[in-house]
Every structure is written in structure tokens, then in C-alpha cells.
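Student: pasted the sequence and its predicted model underneath.
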Amino acid sequence: MRLATFMIFSFAIACWVDFAAAQVQLRHPDQFYTNGEKSDGWTRDSEKRLRSTFWFAKNPESSLSYQQQIVIVYDKAPNKAYYFDTATKQFIGWFDLATERYSLLSPEYRRERIEEIDESWFPPPSDLPTIGEMFEIAPADLNGNFHCFIETGKEVSQPMCERENPNIMRMPPPTAQFPRLHASSWDTSYTNADGSRVRARVDLKGDSGTYQLTNNEVTGDLSNIKYIIDQEVISITGQWALQDTGGYFVFNVPKDNMDVFWGDWGFVRDSIYGTWSGIRRPR
């Protein structure tokens, strides 16, 4: 009786250890943007004349917790997204929404208030920095364990901090002034002749693009693409061609959520054959 009880207990412990190990191995994104309500979204503050969102990232990449920065676009400078580190309480740089490059302030020029920073202190924008360059490494986790070690063969010698997260920072969400549609990628689906939905990845590159069917990896072409800005939406129009057939398409991207589109397609302009919708892929 005792042996059976011990075996059951040992089995339960083994299962719990396996479960715990599986829990630790779960992977979460090393970075993401959110306004607290949706991913890749902005919150508008009309009184302060700005929009903002939050950027969360892990540094080092193996960290179990996120660090946070606030991203702010002021109405007076709609092409600049300023990054404010909530841990150091300092502005650390700005992203150029027009050129998609970053200007990272040297530590001695960082301040708590944007008014205290002279614009001449910002270096010319260059390539996007890594997450490690944007965040300090957290010295310890919630249990007080330092993320520091170095292995020599099978032995652990004197502590040494883990390397900074080498992944490139993601660009902030697009804005109405800079929608970044000319170089965007989308997970989409459209209705077929029998009413079924076909999944396809759409890639836009200026006035041309492609769409790749996920079920058989067949690739179609998009051409004569135009981006028409209206009061509420941005319309993306053009022609599609797949093997020996072709026609038109219209995608409508709402200005209040430029990470989705809905629209239609057909063989002859203004003759709707099916619907087409999509969700923007992160860059």
C-alpha cells in the first residue's frame, strides 16, 4: 500500500516537473506595441495635442519580464515618434516616421522633459537600434536572481551579465500621415467562386506587389497600384493576375486602424465577384 502510494506521488511529482519545464519553455514575443486596448494602436489626447502608445521589450531576450517605453507623436512634429523610458524617466531618442530611421540620444543628453532637450543634441537618424541599445539590462528578476553567468566547459565560473538583446527594434505603429502602405505585408483571405475563403499573403511594394496562396503556394501579381487618401479611409486599388486570369481589387484601410483592410475584387471593374480582407503583418 505504501509502495503504491509512493509510486503515485513520484509520478505526480514527475508530471509537475515536466509541466513546470514546459511552462518555462513557453515563448512570448520579445517586443510589441499596444495602447492598452489593442496591439499596434495609438491613443489620441486632443487636449495635449499628441498621440501615444506603449512599447514593451525584453532585455536580455531570455528575460521573463518586459521593460517599457512610452512612444509619443506630437501634433507639432507629426513625423517624429519620441521614446520615453519609464524606468530612467528620460527621453532617449526619436524615430523618423518618414524615413523609418532612428536618432538615439547619447546618455548625457537625455532628459525627463522634452522641452529640456535641444534638437541639435539629436544625431542624424541612422539604422534602427537593437533592443539592447534601447534598454538597460534588468539587474535581477522578481526573485532576486541575476541574469548573469558564463560557462567554461561544464563549469560555471565568475558571474558575467547576459548579453543584450540583439534583435532590431520594431517600428512603431503607422499613423494617418505616415501609413506605411507602400511597403507593407498582410495576412489576408478572399472569397472564391464557391463561397469558400482562400488565405493569401499580400506584399505591397510601391505600385506593384504579390499575393501568395497559402494552400498551394501559387503566387499572383499585383500591378498599377494606387493609394487614394480620403477623409476616413485610404483606398488601395490595382489589378491582380493569377496564371491565365486577372481583374481588379480595392482595399479600404480605415485611418483609425491602419492594421486592417476590407474590400472586394472582381474580373471587371465595379463588378464585385468576392470580398477580400486582411490584417497587417508586423515589421
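Tutor: Looks like it arrived, so ask away.
Student: just the residues contacting stretch 116-136, thanks.
Tutor: Here stretch 116-136 makes contact (C-beta atoms under 8 Å, 6 or more residues apart in numbering) with 30-31, 57-61, 67, 69, 83, 85, 87-88, 91-96, 99-106, 109-111, 163-169, 171. From N, CA and C alone the C-beta is placed, and that goes for glycine too.
Student: avg pLDDT for it?
Tutor: For stretch 116-136, mean pLDDT is 96.
Student: span of that stretch from start to end?
Tutor: 22 Å (C-alpha to C-alpha, to the nearest Å).
Student: stretch 101-121 too?
Tutor: 16 Å.
Student: can you pull the buried residues of that stretch?
Tutor: 102-105, 109-110, 117 (16 or more other C-beta atoms under 10 Å).
Student: again, but for stretch 163-178
Tutor: Applying 16+ other C-beta under 10 Å to stretch 163-178 flags 164-165, 169-175, 178 as buried.
Student: and what of stretch 60-74?
Tutor: 60-61, 63, 66-67, 69, 71-73.
Student: for stretch 256-271, same thing?
Tutor: 258-259, 261, 263-265.
Student: make CSV from the buried residues of stretch 60-74 and add secondary structure, distance to L128 and pLDDT to it.
Tutor: Compiled in CSV, the buried residues of stretch 60-74 are given as follows (DSSP: H, G, I helix; E, B strand; the rest coil; distance: C-beta to C-beta, whole Å; pLDDT from 0 to 100):
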residue, secondary structure, distance to L128, pLDDT
P60, coil, 19, 91
E61, coil, 16, 89
S63, coil, 20, 89
Y66, coil, 19, 95
Q67, strand, 17, 96
Q69, strand, 14, 98
V71, strand, 14, 98
I72, strand, 18, 98
V73, strand, 17, 98
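Student: from these, which single one is nearest S189?
Tutor: Closest to S189 out of the buried residues of stretch 60-74 is V71 (30.6 Å), distances taken as C-beta to C-beta.
Student: give me every residue that touches that closest one.
Tutor: 33, 52-55, 81-84, 95, 172.
Student: where along the stretch 1-150 of the chain do the strands fall?
Tutor: Applying DSSP state E, counting those that start in this stretch to the stretch 1-150 of the chain gives strands spanning 31-34, 43-45, 50-57, 67-74, 80-85, 90-96, 101-104.
Student: am I right that F251 sits in a strand?
Tutor: Yes: checked against DSSP: H, G, I helix; E, B strand; the rest coil, F251 lies within a strand.
Student: would you mind measuring from it to F267?
Tutor: 17 Å (C-beta to C-beta, to the nearest Å).
Student: now do the helices in the stretch 51-200 of the chain.
Tutor: 131-134 (DSSP state H, counting those that start in this stretch).
Student: flag the shaky bits of it, pLDDT-wise.
Tutor: 138-162 (pLDDT under 70).
Student: at 80 instead, please
Tutor: 137-162, 193 (pLDDT under 80).
Student: which parts of this protein belong to which domain?
Tutor: 31-156, 183-280 (automatic domain parsing).
Student: can I get the buried residues of stretch 101-121 in a markdown table including distance to L242?
Tutor: Below are those laid out as a markdown table (distance: C-beta to C-beta, whole Å):
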| residue | distance to L242 |
| --- | --- |
| Y102 | 38 |
| S103 | 43 |
| L104 | 44 |
| L105 | 49 |
| Y109 | 53 |
| R110 | 52 |
| I117 | 52 |
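Student: pick the one among the residues you listed closest to G220.
Tutor: Checking the buried residues of stretch 101-121 one by one against G220 (C-beta to C-beta), the nearest turns out to be Y102, at 34.8 Å.
Student: which residues does the closest one contact?
Tutor: 93-96, 125-129, 169.
Student: for P123, see how far away the nearest residue to R111 once chain neighbours are set aside is.
Tutor: Of all residues not flanking R111 in the chain, I117 sits nearest, at 5.0 Å (C-beta to C-beta, 6 or more residues apart in numbering). According to C-beta to C-beta, I117 and P123 sit 13 Å apart.
Student: and R110, how close does it get to G195?
Tutor: R110 is 57 Å from G195, by C-beta to C-beta.
Student: circling back: between the buried residues of stretch 101-121, which is closest to I225?
Tutor: Y102 (28.0 Å).
Student: what's opposite that closest one in the beta bridge?
Tutor: F95, S126 (DSSP bridges).
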